[in-house]
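Colleague: Next one to model:
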Amino acid sequence: MTTAIETRVDTVPGMLDAALAARPEAYAVRDVHGRWTYAELDRAADACAEWLARQGVGAGDRVVARLGNSREFLALMFGTLRLGATFVPLNREMKAYHLRHVIDDAQPRVVVADDASTVADVTPLPVWPTALLTQLVDAPGHPRHRGTGIDPDDLALLIYTSGSTSVPKAVMSTHRPVLFAAQAIAARLRYRHDDVVLVAIPLAFDYGLYQVFLSILAGAELVLTEPSAHVGLISTMHRYGVTVVPIVPSLGDMLVRLAARDARPAPPVRMFTNTGAALTGPLIAALRRSFPHAAVYAMFGITECKRVSIAEPDVDLLKPGSCGTPLDGTEVLILDDAGRVQPPGEPGEIVVRGPHVMSGYWRAPDLSRERFRRDPATGRPTLYTGDFGYLDADGHLYFLGRRDDMFKRRGVRLGALEVEAAARDVPGVRDAALLPPTDGHDMVLFAVVEPDSGLDAAGLAHRLGERLEKAKVPADCRLLPELPLTPNGKTDKRRLGTLVPAGQED
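Modeller: Have a look, this model is predicted:
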């Protein structure tokens, strides 16, 4: 069996240095335009570092990148980090309203975008196009930038996440917890240097971004694709021998549908990983049928500590709904409203301790104090996630939902995930999303059903009544052709909320 690169590094760019030393001529990354070895990625990062330095970028400065899944994304990120500066990846789908806030909040020295015209209206800074990076990395000869003088506690990344706030907030990720999280995840997932990792989710999101770190730690190769090419993903997997595929439910569902229309034997995928939103039981079963040699790894994470838990492969067969056990060297507690530790099986807030807890929110001291604390006894960083769940007697974590998804109805406490899971258990239901009750309306269930199922809204409510207590059955069930998704593949409940007019009583 081939194994990951064995080395000790203490900063994020040190991962690339180690991979370069171990396997310089091995392929590191490919996109639709070409392929780089680790030596070529190293030279491209140096080219970007030299150009950034000429723009005045130095230690502590921010570099905003609004790029798609491309080799230039990696070069710009590592070039930024080698200067001791902070990399700020932004999703290309971010609209001007949020983009204006983010750029004003980050106060970058440099902004780079695939389409400079889409950013020019929200910042007085010059916006450099990605084409410039391509010219830079193709030019011969660049000074070496080895990232010397970077402290592990320097700020490496600002990752903007919306969460429950009205505008995006940035999680401050210093080198030390990023590196710990990447190495701890690598120890569980065991990427290998002969792996080919397909990244069809945006690199601007931390789930996609950490695929870069995991692949480089292993000396593996990344294959980067864009949403516009998703219809050809099965062919891409065959063409490049893809062995590892990180997915969210929408991507997993697409892969199953594409595989059903492809007459070839399954591509050589050995591992699917999942986080962000849990895969349903029927979707996991469909993935196993379509890709019979692949194991499915369930994970639970939050940007504020990257990853909380990882399950052993196919844990759903023994412990349905489990998100696995905490990363090695970390701890998960379940606390009630009074801060008391809950016994196994009892729900409460998920609280995480360990070296993977990030440093807080950028320019948001009050929110940081609320969520990021120190254990009074040990001083260990402690994250109050705002998520609810429970641990079983074996230490497996089960996620129940966000605080906003937990509520009482007719005196019974329940969570949106419980109702959604029951809906997906109904034959013919492909997906479901529940809006909790508000002052204006009772809870509303939106569901996507198979066209030939014969299931209507009334029939769905009846079948839910066979699975749930009466107080947990929505009085209002609505069928949609598809659920709206956020850019990172999660159900967009804010958009669903616009389908329920304020003041409506159900």
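Colleague: For the closest residue to residue 328 other than its chain neighbours, give me phi and psi.
Modeller: Excluding its sequence neighbours, the residue lying closest to residue 328 (C-beta to C-beta, 6 or more residues apart in numbering) is residue 184, at 5.9 Å. No exception for glycine: its C-beta is placed from N, CA and C like everyone else's. Main-chain dihedrals, residue 184, degrees, to the nearest 10: phi -70, psi -40.
Colleague: Endpoint to endpoint, stretch 97-114 covers what distance?
Modeller: Using C-alpha to C-alpha, to the nearest Å, the end-to-end distance of stretch 97-114 comes to 18 Å.
Colleague: Would you mind listing the buried residues in that stretch?
Modeller: Across stretch 97-114, burial judged by 16 or more other C-beta atoms under 10 Å covers 98-103, 105-106, 108-114.
Colleague: roughly how far apart are the residue nearest to residue 328 and residue 329?
Modeller: Note on residue 184: its distance to residue 329, by C-beta to C-beta, to the nearest Å, is 6 Å.
Colleague: Over to residue 40?
Modeller: According to C-beta to C-beta, residue 40 stands 34 Å off from residue 329.
Colleague: What of residue 372?
Modeller: In terms of C-beta to C-beta, residue 372 sits 18 Å off from residue 329.
Colleague: So between the two, which is more surrounded?
Modeller: It is residue 372, of residue 372 and residue 329, that has more neighbours when counted by other C-beta atoms under 10 Å, with 20 against 13.
Colleague: what about the spatially closest residue to that one that is not a sequence neighbour, how many neighbours?
Modeller: Nearest non-adjacent residue to residue 372, counting by C-beta to C-beta, 6+ apart: residue 360, 4.7 Å away. Neighbour count of residue 360, defined by other C-beta under 10 Å: 19.
Colleague: For residue 360, report the pLDDT, please.
Modeller: With respect to pLDDT, residue 360 scores 97.
Colleague: contacting residues for it?
Modeller: Contacts here follow C-beta atoms under 8 Å, 6 or more residues apart in numbering; on that basis residue 360 touches 171-172, 368, 371-372.
Colleague: Between the residues you listed, identify the one with the most neighbours.
Modeller: In terms of neighbour count, residue 171 stands highest of these at 25 neighbours, by other C-beta under 10 Å.
Colleague: Who are the packing partners of the helix or strand that that residue is a member of?
Modeller: In this structure, residue 171 sits in strand 169-174 according to DSSP states H and E. Helices and strands touching strand 169-174, by 3 or more C-beta pairs under 8 Å, 6 or more residues apart in numbering; DSSP states H and E, are helix 96-106, strand 155-161.
Colleague: Tell me what angle the first one forms with strand 169-174.
Modeller: Regarding helix 96-106 and strand 169-174, their directions subtend 40 degrees when assessed with axes from the mean of the first three to the mean of the last three C-alpha atoms, to 10 degrees.
Colleague: Following helix 96-106 in sequence, what is the next regular element?
Modeller: With elements assigned by DSSP H and E, the helix or strand that comes after helix 96-106 is strand 110-113.
Colleague: Return the set of buried residues in the next helix or strand after that following strand.
Modeller: Sequence order places strand 127-129 as the next helix or strand after strand 110-113, per DSSP H and E. For strand 127-129, burial by neighbour count (16+ other C-beta under 10 Å) applies to 127-128.
Colleague: Report all helices and strands that strand 127-129 contacts.
Modeller: strand 110-113.
Colleague: what does the strand it packs on rub up against?
Modeller: If you take C-beta under 8 Å, 6+ apart as the criterion, strand 110-113 is touched by 52, 55, 57, 61, 63-67, 76, 103, 119, 123, 125-130, 132-133.
Colleague: which of the residues you listed count as buried?
Modeller: For the contacts of strand 110-113, buried by 16+ other C-beta under 10 Å: 52, 57, 61, 63-67, 76, 103, 119, 123, 127-128, 130, 133.
Colleague: just the strands in the stretch 1-150 of the chain please.
Modeller: Secondary structure of the stretch 1-150 of the chain (DSSP state E, counting those that start in this stretch): strands located at 27-31, 34-37, 62-66, 86-89, 110-113, 127-129.
Colleague: Please name whichever of these is nearest to residue 434.
Modeller: strand 86-89 (31.3 Å; C-beta to C-beta).
Colleague: Show me the contact partners of the closest one.
Modeller: Here strand 86-89 makes contact (C-beta under 8 Å, 6+ apart) with 60-65, 67, 73, 76-77, 80-81, 102, 106, 108, 155-160, 170, 203-204, 209.
Colleague: chain center to it: distance?
Modeller: Centroid displacement of strand 86-89 relative to its chain, using C-alpha atoms, centre = their mean, to the nearest Å, is 16 Å.
Colleague: now swap in stretch 465-472 and tell me
Modeller: Centroid separation between stretch 465-472 and its chain, computed with C-alpha atoms, centre = their mean, is 33 Å.
Colleague: Show the average pLDDT along that stretch.
Modeller: For stretch 465-472, mean pLDDT is 85.
Colleague: Quick check: the residue nearest to residue 372 vs residue 210, distance?
Modeller: Taking C-beta to C-beta, one finds residue 360 at 20 Å from residue 210.
Colleague: Closest to residue 486 out of the contacts of residue 360?
Modeller: residue 171 (17.0 Å).
Colleague: Who is that closest one paired with across the strands?
Modeller: Beta-bridge pairing for residue 171 (DSSP bridges): residue 159, residue 361.
Colleague: how near is it to residue 90?
Modeller: From residue 171 to residue 90 the distance is 13 Å (C-beta to C-beta).
Colleague: ditto for residue 242
Modeller: 27 Å.
Colleague: Kindly report the same for residue 154.
Modeller: 21 Å.
Colleague: The two - which one has more neighbours?
Modeller: residue 90 (24 against 18).
Colleague: Grab the nearest non-local neighbour of the more buried one.
Modeller: Leaving aside its sequence neighbours, residue 90 sits nearest to residue 66 (C-beta to C-beta, 6+ apart; 4.5 Å).
Colleague: surely that neighbour meets residue 108?
Modeller: No - applying C-beta atoms under 8 Å, one finds residue 66 not in contact with residue 108, separated by 10.7 Å.
Colleague: need the least confident one among the strands of the stretch 1-150 of the chain, by mean pLDDT.
Modeller: Here the lowest mean pLDDT among the strands of the stretch 1-150 of the chain goes to strand 127-129, at a mean of 93.
Colleague: Give me the contact list for that strand.
Modeller: Strand 127-129 has contacts (C-beta under 8 Å, 6+ apart) with 110-116, 119-120.
Colleague: Adjacent strands (with direction) for it?
Modeller: Strand 127-129 is paired, per DSSP bridges, with strand 110-113 (parallel).
Colleague: Run the chain-centre distance for the partner strand.
Modeller: Counting by C-alpha atoms, centre = their mean, strand 110-113 is centred 23 Å from the centre of its parent chain.
Colleague: mind saving the C-alpha coords of that strand as CSV?
Modeller: Only the C-alpha atoms of strand 110-113 are listed here, as CSV (Å, rounded to 0.1, in the frame of the first residue of the first chain):
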residue,chain,number,x,y,z
VAL,A,110,-4.7,43.1,-3.6
VAL,A,111,-7.8,41.7,-5.2
VAL,A,112,-7.7,39.1,-8.0
ALA,A,113,-10.8,37.8,-9.8
